[in-house]
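A.B. asks: Sequence and predicted structure below; questions after.
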Amino acid sequence: MTALRAALSESALRRALVAFLFFGIAEEGVWLAVLLYAYDVGGATAAGAVAVAQLVPSMLVVPLTSTLIDRLSVRAGLVLAYGSGAVATLAIGVLLVAGAPTWAVVLAAVIQSCALTMGRPAHYAALPRLAELPTHLVAANAVTGSVEALGVLLGPLSVAVALTFSEVAPLVVGLAVLMGVAALLVGTTRQPQRAVAREDDQPEPEPFLRAATLGLREVRRIPGAFSLLVMVGMVWVLQGALDVLGVSFAIDVLEAGEQGASILASGNGLGLLLGSAMAILLVGVARMSRVFVAGAVVGGLALAAVGLTETLVVAAVLVAVSGAARALVDVAGRTLLHRNADDRAMARVFGVQEAVLVGGLAVGAALAPVAIAAIGERAAFALTGALLAVPALVALPSLAALDRTGVLAAHRIRLLRSLSLFAPLPAPDLERLALASNHCPAGQGEQLIEQGAPGDCFYAIESGRYEVVKDGESVALLGPGGFFGEIALLRDVPRTASVTCVEAGELIVLDREPFMTAMGRARPPRERP
């Protein structure tokens, strides 16, 4: 609850999270409605084909749409993402109400899926810019998982309710309106001044097509990121298969009808919601790769067990368990990317993840009908679960490389975060700053800075005592939580005082370049010797 209150204490973050919830409800509701529409037309094969038809073009346009988001302000990017999705969703609803030909409905669904590829990258890239404090970003990242899970729960539930009383066509129109409300919410968001300043300071952009590949280049730069995205793809292969398998299993095997299919999909959303609530406990965990792998293994095994069930209730519970485990996978994977990626390319990095996500959905949706025809729904569930659990164990050594930031920088982050100098920095900048720092022991009597010498680094005090002497007179005695050496760097002048260790201790040292980069994104510090 502390994390939730922290995230919702800021108006900009609160509006962004509510808008993302509306986006998620509309996205999930329309996705299931279109799958059920396709299933009515031609069974599991048609449902899988329509899913693939929506997902493949989406996967191809993600690099372009995420590049566009990175070039816009926070507000403009979010409005574009949600506004275009609202218009495309409305087109699907109008066509369904009018009884348009199947090809027209499917074409509108393809266009809508392409528009929706901007939603998650825009939201994930906005969080570091909207959070006033680093702790609020961590909270918002965790709460985002819960918000996303609520969308997965409420979207299918809305379809189940609509099927009980009428048809899904009016519901799709209503979901378009809901996404339009999301665009209005973020359109009236007042951005923090720090976010506006950082956007104004962005360098001259690269040519658009070259900029579109920056996300891929950033993924190649980060050790372990490729393995992470492969596993993300496997998670969403499972999700894509589950969407089609769930419909077929509920209708043909359990004989629970379309409402049963909606309940099974809602079980997935309920699990994701519970798992996301548990994921708030992960704030501060350094070795996220272990959480990622454990969640993938548990989620895969639970899904494999669905094929053994005979009742809708048990199947829904197992799907919920799988969803809860996969929520931990999602939060852990997103945190690992936030920790390691350059925030100037953040939307494009998450655009690469979005492309992998959409591609995984497409593969899962395409393979599910084939598996159903070849081995039946029950065996298909077992196979799908195994395809998630086994590769996760194999990938653990590679994923561990992504923990370098969390493990090496954890205690340094706490120290840097406590300094007023770095208080305005968002969490990703703090973590990168901590990773760029060095640990330095200081012995009693050791002179660390000499007055008049060139300034080349900044010192933060972890332990020990340090005397500041200016023009031969002692002017300060600094202890844990203090810092020195910043004036020469900020003013580009020789050292203004000498500093000597009078009680042995430990220091965190930052070279000029990472220090000045951080200062370019923070407010000017108060002057000190």
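C.D. replies: Perfect, thanks for sending it. Residues are numbered from 1 along each chain as shown.

A.B. asks: Gly333 reaches Val232, doesn't it?
C.D. replies: Yes: here Gly333 reaches Val232: they are 5.7 Å apart, a contact under CB atoms under 8 Å. (C-beta placed from N, C-alpha, C; glycine too.)

A.B. asks: okay, and the common contacts of those two?
C.D. replies: Residues touching both Gly333 and Val232 (CB atoms under 8 Å, 6 or more residues apart in numbering) are Gln353.

A.B. asks: C-terminal to the helix or strand where Gly271 lies, what's the next element?
C.D. replies: With secondary structure defined by DSSP states H and E, Gly271 is part of helix 257-279. The helix or strand immediately downstream of helix 257-279 is helix 288-306, counting by DSSP H and E.

A.B. asks: and the angle from the helix holding Gly271 to helix 288-306?
C.D. replies: 160 degrees (axes from the mean of the first three to the mean of the last three CA atoms, to 10 degrees).

A.B. asks: In helix 257-279, which residues are buried?
C.D. replies: Residues of helix 257-279 classed as buried by neighbour count (16 or more other CB atoms under 10 Å): 258-279.

A.B. asks: Show me how far it is from its chain's centre.
C.D. replies: Counting by CA atoms, centre = their mean, to the nearest Å, helix 257-279 is centred 20 Å from the centre of its parent chain.

A.B. asks: Which neighbouring elements make contact with that helix?
C.D. replies: Where contact means 3 or more CB pairs under 8 Å, 6 or more residues apart in numbering; DSSP states H and E, helix 257-279 is packed against helix 11-71, helix 134-165, helix 225-248, helix 312-340.

A.B. asks: Can I get it in CSV, CA atoms only?
C.D. replies: Written as CSV, here are the backbone C-alpha positions of helix 257-279 (Å, rounded to 0.1, in the frame of the first residue of the first chain):
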residue,chain,number,x,y,z
GLY,A,257,-19.9,-21.9,-24.2
GLU,A,258,-18.6,-18.4,-25.0
GLN,A,259,-19.3,-17.2,-21.5
GLY,A,260,-17.0,-20.0,-20.2
ALA,A,261,-14.3,-18.8,-22.6
SER,A,262,-14.7,-15.3,-21.2
ILE,A,263,-14.5,-16.6,-17.7
LEU,A,264,-11.3,-18.5,-18.5
ALA,A,265,-9.8,-15.4,-20.0
SER,A,266,-10.9,-13.4,-16.9
GLY,A,267,-9.1,-16.0,-14.7
ASN,A,268,-5.9,-15.1,-16.5
GLY,A,269,-6.6,-11.5,-15.7
LEU,A,270,-7.3,-12.2,-12.1
GLY,A,271,-4.1,-14.1,-11.8
LEU,A,272,-2.1,-11.3,-13.4
LEU,A,273,-3.7,-8.9,-10.9
LEU,A,274,-2.8,-11.0,-7.9
GLY,A,275,0.7,-11.5,-9.2
SER,A,276,1.2,-7.8,-9.8
ALA,A,277,0.2,-7.1,-6.3
MET,A,278,2.8,-9.6,-5.1
ALA,A,279,5.3,-7.9,-7.4
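
A.B. asks: just how off-centre is whichever strand or helix holds His439 within its chain?
C.D. replies: His439 belongs to strand 438-442 when elements are defined using DSSP H and E. A distance of 34 Å separates the centroid of the chain from that of strand 438-442, by CA atoms, centre = their mean.

A.B. asks: Give the pairing partners of it; include direction for each.
C.D. replies: Using DSSP bridges, the neighbouring strands of strand 438-442 in the sheet come out as strand 505-511 (antiparallel).
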